[in-house]
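1. Need coordinates for the below:
(2 chains)
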Amino acid sequence: MAGIPEGSCLVLHDEGAMTDRLITESRLLESGRDGVALFDIGGSISACNLAFAYLLGYEHNLLQKRPVHSLFRSHARAVLRTHLQDLVILGFITLETEIVGKRSEPIPVEATIAWIPGEQLFKIAIRDITVKKRLDEYRRTYAERLAIEVAERTAQLTEAQKELQRQKTTAEGIIYGSPIPMFVIDKDHRITHWNRASERLTGFSAREMIGTKRQWEPFFPSPRKVLADLVMENTPEEAERLYAGMNLRKSQVVQDALEAEHFFPHLGPNGTHLFATASPIEDEAGIIQGAIVTYQDFTERTALMAELKWREAYLNNLIQNSIDGIIATDSEGLIAIYNRSAEEILGYTPEEITGRMRYQDILSEETALAIRDAFYGDTYGPPGKILNMITSLLGKKREPIPVRFTGTIIFDGEKEIGSVVFIQDLRELQRLQREKDQAERMAAIGKTVASVAHYIKNVLSGLKGGAYVVRSAIAKGDLDLTLKGWEMVERNLDQIGQITADMLIYAGERSPVREHLDPIELVSEVVELMRERARLAGVELVSEFREETGKVAMDRTAIYRSLLNLVANAIDACTLKGMTEGEAKVVIIVDRPDGWAVRFQVFDSGAGMDQETQQKLFTDFFTTKGYAGTGLGLPVTRKMVEDHGGKLLFHSEPGRGTTFSLLLPRN
Amino acid sequence: MPKKILIVDDDPDVRLFLSTLLKDNGFEPLEAANGIEGLELAELQGPCLILLDLMMPRKSGIAMLSDLNNSERLRRIPVIMVTGVTGETGIDLNAFLARGAFVPAGIIEKPIDPDLLISTVKKALEGRSGNA
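-> Numbers count the residues shown, from 1 in each chain, chains lettered A, B, ... in the order given. As a prediction, the model looks like this:
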């Protein structure tokens, strides 16, 4: 079938009779791949090509005579059924619609309907637009999804933007509200942030600082680069020069940051000690975009540190220079503090002892126990303390060192965390005491020698006087005067005998020879002997025998001399009073208190003794009586009384008088 | 007629020695054992010179001196003070003298040197007669 386009359907009606018409139809049906059908003004399909029939799923001959509108759905169907005449006028229309396939399935098509005036026919060409529709649908869906996506993305972006802004605001809020003074500069060295703490520290407000390059102003008297500027420029030499003497250094904590510490006299009323850290701010590419500076106000800390250092030094000084040895232990019991005096006492160097030794190492086992008991008991102060315990430590050569020991356990709540002890070297004290005793003894001996010399000189003067009188009397042949002179010589010889006896007794050359004697008789003899002396001194001498004692075993010479000494002393003590006031009294009382055989009390109404005199009363060779006394009377008396197993006591009230008591034991 | 010299001292040995010494040198000694006796004798006998011990019972040398000073008649009698070791008698002689109420004709310290005593006595008597 040459001349008929491929894919067309040739519907043959009456072969032969309709040749012209056929030719026309053939021509009309040539429409490429589109399905083409011809229908008349009444809508009845007269011919269609194969593509048309195939599109609808019909056998091609089954479409003949069918009304064209039956192939359409909805409004296209109505138009074609009722308004075909209008199409004649319009010429042609193209519409997208759906046609109904054989199985009643809708087939989306693009239909072009044209009026062919010469033939009085309509030509309809339909193109399956299922694929196009699908594509369109796909495109539409895609577009919709795209739109949604875009909307979502946009929303996300907006949200991110907002978040960023929020973060920025928060960051700025954090910076601004931070208690740490800080400021930020940008790459042009302009201040972008100047927080509240900075405002407070410097007195410059954010409003006046932000946007300027005045970061130097609070700190320095004239414009210059500050740490923030220098950290951005990486010019170490310039930094060194500008921050000379301000402890400039690289930060150990923040990479590439610089630190400086210095006292700024212009900052604050009394200047401020600041520690500053400046760090560069880099972008992702590592390019410096600015710098942030934080400050720490070290003024108080520096002051506290200085105070602390001073206190520590002071304390250390106190400890080290203390005259007492100071030793302290830590919670482990190891010696932690060991001062110079302790070093002098014990002989160990601090290196040998601190952190190495314990109390046990410097105490004998026995002493360690005693000290432990003393710490936990209350013999030497409350538990936990030892006050003035006389004990001994072991020195480096393991020799015992006598010390006065005072210590305290240090508690933290209930827990023992250490101890501190103070030790006084008694060796030195004992040596000093010995030296002092020696010196006093020497002074006393010197004084005694002087006293004895005076005494002897006095006696000598009496002897000379007596000798002069004797010679003068002999020259005149005056026997009476010779005798008087000779008695004078004898009295002075007696005095030499007495002091010699005193000194011998005191030197311990004589021991008591006991016999049974009546104390009352002894006292009477003494009173008899001293009566004249008392009278001359203007002193009334009285004896009182209060209790019967019976005979008592004693060395006659010793007790007689003792009583003579005491009575003579008593008379001397109130002589001045007797001379000036004419009223002075010495009373000897004999009684027998419980536990004793006899007591002799010798009272005088003299001036009494001051504390110093009382303390030195029994000191050898002490005298207040000038050359009249040897200073041996009381020491000799006490020695004689003690040789008897007795006691010599005294009680003195300044202004009222003194009483000496001589007590002798039974048997 | 020998000049009367009054010895006031509580120690009989000292009085015996001094009176023997004064007699041997041509004076007439008068003896008193304390200030009260001394004043009585001075009033009665009107001595040319008084040798006065300071430390005495009843009336001390110092008390007697102030009595002598208060007497119009006795004030003119020169006094030589015979003292123990100064400063140890309980009487501050220097402070007493520093008050200037009394100027002694001489001071003799115990133990007494016979020659020094006689020369001091003679000097005191000469001084007095020179002034008189």
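2. Going by C-alpha atoms from here, please, whenever you check contacts or count neighbours.
-> Fine.
3. Mind giving me the packing neighbours of the host helix or strand of residue A:157?
-> Taking DSSP states H and E as the definition, one finds residue A:157 inside helix A:130-177. Applying 3 or more C-alpha pairs under 8 Å, 6 or more residues apart in numbering or on different chains; DSSP states H and E, we find helix A:130-177 packed against strand A:106-116, strand A:191-194, helix A:196-202.
4. distance between the helix or strand following that helix and the chain's centre?
-> From helix A:130-177 onward toward the C-terminus, using DSSP H and E, the following helix or strand is strand A:182-186. With C-alpha atoms, centre = their mean, to the nearest Å as the basis, strand A:182-186 stands 35 Å off its chain's centre.
5. quick one: strand A:182-186 to helix A:130-177, angle?
-> Interaxial angle of strand A:182-186 relative to helix A:130-177 (axes from the mean of the first three to the mean of the last three C-alpha atoms, to 10 degrees): 130 degrees.
6. other SSEs contacting strand A:182-186?
-> strand A:191-194, helix A:196-202, strand A:288-297.
7. quick one, which of those is nearest to chain B?
-> When those are compared by C-alpha to the nearest C-alpha, strand A:288-297 sits nearest chain B, at 74.7 Å.
8. which strands and helices sit next to whatever helix or strand comes next after the closest one?
-> Once the chain leaves strand A:288-297, the next helix or strand it forms, by DSSP H and E, is helix A:299-321. Helix A:299-321 makes packing contacts with strand A:272-282, helix A:340-346 when contacts are defined by 3+ C-alpha pairs under 8 Å, 6+ apart.
9. contacts for the shortest one?
-> Okay, so that is helix A:340-346. With C-alpha atoms under 8 Å, 6 or more residues apart in numbering or on different chains as the test, helix A:340-346 has contacts from A:320-327, A:349-350, A:393-396, A:401, A:423, A:425.
10. 6 Å instead, please
-> Under the contact criterion C-alpha atoms under 6 Å, 6 or more residues apart in numbering or on different chains, helix A:340-346 has outside partners A:320, A:325-326, A:395-396.
11. Repeat that for the longest one.
-> Outside of strand A:272-282, the residues that reach it under the criterion C-alpha under 6 Å, 6+ apart are A:227-228, A:232, A:257-264, A:288-299.
12. Enumerate the positions of it that are buried.
-> By 16 or more other C-alpha atoms under 10 Å in any protein chain shown, the buried positions in strand A:272-282 come out as A:272-281.
13. What strands line up against that strand, and which way round?
-> Counting by DSSP bridges, the strands paired with strand A:272-282 are strand A:258-264 (antiparallel), strand A:288-297 (antiparallel).
14. pull the CA atoms of that strand into CSV?
-> The C-alpha trace of strand A:272-282 is given here as CSV (Å, rounded to 0.1, in the frame of the first residue of the first chain):
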residue,chain,number,x,y,z
THR,A,272,46.6,48.4,91.1
HIS,A,273,48.7,45.3,90.7
LEU,A,274,47.5,43.6,87.5
PHE,A,275,48.1,40.3,85.9
ALA,A,276,47.1,40.5,82.2
THR,A,277,46.7,37.7,79.5
ALA,A,278,46.4,38.8,75.9
SER,A,279,45.4,36.1,73.3
PRO,A,280,45.1,36.5,69.6
ILE,A,281,41.7,35.7,68.0
GLU,A,282,42.2,33.7,64.8
